[in-house]
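Student: Just a sequence and a predicted model for now, questions to come.
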Amino acid sequence: MKTNRSYRLLGVACLSALAACSSLLDVKNPNNVNQTDLSNPASAASQASGVLATVARAWGQIITPYSVATDELTWIGSRDAWQSLDQGTISEPTNEFVDAAFFYVGEARWWSDETIKRLKGFDAANVLPDRNDLARTYLSGAMIYTIIGNLFDNFPIGSDRTTAAAPLGAAKMDSVYKVAIAYATSGIAIAQATGDKDLELTLTAERAVARYYLALWAKLNPAPASVPVASPLVNDAAAVADASAALALAGTADWRYQFHYDPTTISTDIGFEVNERLEMRIGSTYVYPICTVSGCASGGKTVAVDSLRLKDPLDNKGDPELARFLLNKTEGFLKKTRYGSLTFLSARELHLIVAEAALAGGDNAGFQNAINAERALDSLTAYTGAGPTALAMLHYERQRNLFMQGKRLFDEYRFGTNADLWQAGSEAITKPGTFLPITISERLANSFCLADPASCGGH
């Protein structure tokens with residue numbers, strides 16, 4: 001049985017709970033909420049949905065340049081800023097595509113924080129119609145803070161529309177995970193109080209992931225002199241406890257939390273670039289035909305997938321989870337143009353958190369049990385220790401189950417696995433641990449960046 005806990009993006013929609021929007025949303029466009037209406041507790045559900053929409057939109061934008069910088073996507077089009085990322089130039093602040101996506105991430109961070117403050121005020125005054133709206137907003141806030149930590153080297157947390165704030169600095173980016181953990185913790189308390197098990201599951205999974213990546217962030221910060229790093233595995237007791245608790249709530253289901261997109265709400269940039277503009281294709285590590293150079297020869301300059309190249313090391317067949325994500329007839333990414341669903345949290349990742357901690361602690365039986373619980377979701381042969389090393393098995397299982405979920409750079413760096421098209425001498429190779437930068441538009445607009453340009457740099 002597969003269960004998808006997905007949430008349709010309502011934007012700032014008019015909901016039935018708002019008395020048919022008779023006065024609250026009495027505007028020309030009924031999907032808009034005026035600034036003055038935000039102080040009305042009756043708008044809380046719409047505000048919570050609006051936060052989710054901004055986070056989903058940000059994710060559908062920023063995941064494109066990030067994935068091109070890994071081996072997951074390969075540039076085949078006409079815009080050479082994509083080629084720079086493809087070849088391993090990741091921290092260039094003038095890259096037009098990272099710069100364009102940066103705005104959406106900043107918007108989602110600001111809107112999450114502002115809405116949490118507003119709904120907390122309603123809750124404290126006992127005028128919040130549904131406390132789960134605050135819990136949902138905590139979830140959105142936790143997700144965008146985790147995104148910032150996973151994808152960026154630095155970020156101007158605290159900027160407030162027309163008021164600039166100093167960037168955190170590369171050494172303090174772990175603080176975004178701590179905010180994510182705090183937001184998820186507050187949301188869990190509400191979900192438990194209201195008895196909403198689905199929301200409790202999602203928030204617990206998000207906290208597990210935030211805790212895991214906080215610990216993994218420390219493996220690459222300060223930036224390592226070389227890779228693979230000496231001790232690449234994460235064994236965080238709190239992350240494991242949350243992952244186990246979330247798995248207990250999910251049961252045996254192949255649970256996923258996905259952002260769903262459709263023509264009535266918003267679309268994804270990654271779907272547009274791959275499926276419509278044909279600016280990039282799935283990387284050759286994963287599919288045939290093979291593309292051996294950034295830009296590709298004529299044979300590889302296509303988004304068509306002849307077959308899967310990533311094969312299960314035990315069963316020697318095309319990876320079933322990659323096949324599901326890319327090629328499923330009803331929901332496959334390559335079948336849905338710009339509206340394909342994007343997974344953000346999953347039971348699979350939770351199993352991997354538990355497995356990695358066991359491996360780090362020398363518990364081979366625990367590692368195999370967790371890995372095989374995840375492999376059983378695809379009816380794959382159980383891993384007994386024969387064949388690939390446990391570390392290689394973990395790397396493969398993360399590669400296939402977390403495909404295009406914004407996790408790949410961490411693994412390429414810590415395990416010393418260069419993306420297939422990174423160029424010799426590129427910063428991805430010479431400066432491992434490099435992630436996306438504060439981009440040029442922010443640097444030119446932020447007074448702190450102008451006064452001290454180095455403060456807006458990365459490592």
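Tutor: In hand now; what should we look at? Numbers count the residues shown, from 1 in each chain.
Student: quick one: residue 64 and residue 344, what's the gap?
Tutor: Using Cβ to Cβ, to the nearest Å, we find residue 64 at a distance of 15 Å from residue 344. Where C-beta positions appear, they are placed from N, C-alpha and C, glycine not excepted.
Student: typo on my end, residue 336
Tutor: Counting by Cβ to Cβ - residue 336 and residue 344 are separated by 16 Å.
Student: Between those two, which is the more surrounded one?
Tutor: A count of neighbours by other Cβ atoms under 10 Å puts residue 344 above the other of residue 336 and residue 344, at 24 against 17.
Student: Can you show me the strands along the chain?
Tutor: 7-8, 73-75, 256-260, 280-282, 287-288, 307-308, 342-346 (DSSP state E).
Student: Report pLDDT for residue 163.
Tutor: pLDDT recorded at residue 163 is 85.
Student: Report how many residues lie close to residue 302.
Tutor: 14.
Student: That one contacts residue 74, doesn't it?
Tutor: No: using Cβ atoms under 8 Å, residue 302 is not in contact with residue 74, being 11.0 Å away.
Student: what's the first-to-last distance across stretch 192-200?
Tutor: 6 Å (Cα to Cα, to the nearest Å).
Student: Enumerate the positions of that stretch that are buried.
Tutor: Buried residues in stretch 192-200, counting neighbours by 16 or more other Cβ atoms under 10 Å, are found at 196, 198, 199, 200.
Student: Of the strands of the chain, which is nearest residue 271?
Tutor: strand 342-346 (8.7 Å; Cβ to Cβ).
Student: can I assume residue 394 is in contact with residue 357?
Tutor: No: using Cβ under 8 Å, residue 394 makes no contact with residue 357, being 10.7 Å away.
Student: residues shared between the contacts of these two?
Tutor: Overlap of the contact sets of residue 394 and residue 357 (by Cβ atoms under 8 Å, 6 or more residues apart in numbering) consists of residue 233.
Student: list the contacts for the nearest residue to residue 190 once chain neighbours are set aside?
Tutor: In space, residue 190 comes closest to residue 135 once its chain neighbours are excluded; the distance is 4.0 Å by Cβ to Cβ, 6 or more residues apart in numbering. Counting by Cβ under 8 Å, 6+ apart, residue 135 touches 186, 187, 188, 190, 191, 194, 196, 199, 203.
Student: now swap in residue 111 and tell me
Tutor: 50, 51, 54.
Student: Let's have these in a markdown table, adding distance to residue 364 and neighbour count.
Tutor: Below are the contacts of residue 111 laid out as a markdown table (distance: Cβ to Cβ, whole Å; neighbours: other Cβ atoms under 10 Å):
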| residue | distance to residue 364 | neighbour count |
| --- | --- | --- |
| 50 | 47 | 23 |
| 51 | 43 | 28 |
| 54 | 44 | 24 |
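Student: for those, which one is nearest residue 448?
Tutor: residue 54 (23.9 Å).
Student: Could you check how far the residue nearest to that closest one when sequence neighbours are not counted is from residue 420?
Tutor: Spatial nearest neighbour of residue 54, excluding adjacent residues (Cβ to Cβ, 6+ apart): residue 108 at 4.3 Å. Separation of residue 108 from residue 420 (Cβ to Cβ): 31 Å.
Student: quick one, which of those two is more surrounded?
Tutor: residue 108 (28 against 18).
Student: Could you pull up the residues touching that one?
Tutor: Residue 108 neighbours (Cβ under 8 Å, 6+ apart): 51, 54, 55, 57, 58, 140, 144.
Student: Residue 219 reaches residue 227, doesn't it?
Tutor: No: counting by Cβ under 8 Å, residue 219 stays clear of residue 227, with 10.2 Å between them.
Student: Poorly predicted segments of the stretch 151-300 of the chain, please.
Tutor: By pLDDT under 70, the stretch 151-300 of the chain contains no weakly predicted segment.
Student: Please, where are all the helices along it?
Tutor: 174-194, 197-220, 237-250, 269-271 (DSSP state H, counting those that start in this stretch).
Student: So what's the residue count around the residue lying closest to residue 365 once chain neighbours are set aside?
Tutor: Closest residue to residue 365 apart from its sequence neighbours, by Cβ to Cβ, 6+ apart: residue 358 at 7.9 Å. By other Cβ under 10 Å, the residues close to residue 358 number 23.
Student: burial count for the closest residue to residue 333 other than its chain neighbours?
Tutor: In space, residue 333 comes closest to residue 340 once its chain neighbours are excluded; the distance is 4.2 Å by Cβ to Cβ, 6+ apart. Look at residue 340: counted by other Cβ under 10 Å, it has 26 neighbours.
Student: Also residue 454?
Tutor: Using other Cβ under 10 Å, residue 454 has 7 neighbouring residues.
Student: what about it, distance to residue 443?
Tutor: In this view, residue 454 and residue 443 are 11 Å apart by Cβ to Cβ.
Student: before we move on, what about residue 361?
Tutor: Taken as Cβ to Cβ, the span from residue 361 to residue 443 is 43 Å.
Student: between the two, which one's more packed in?
Tutor: residue 443 (21 against 14).
Student: give the contact list for that one.
Tutor: 93, 449, 450, 453, 456.
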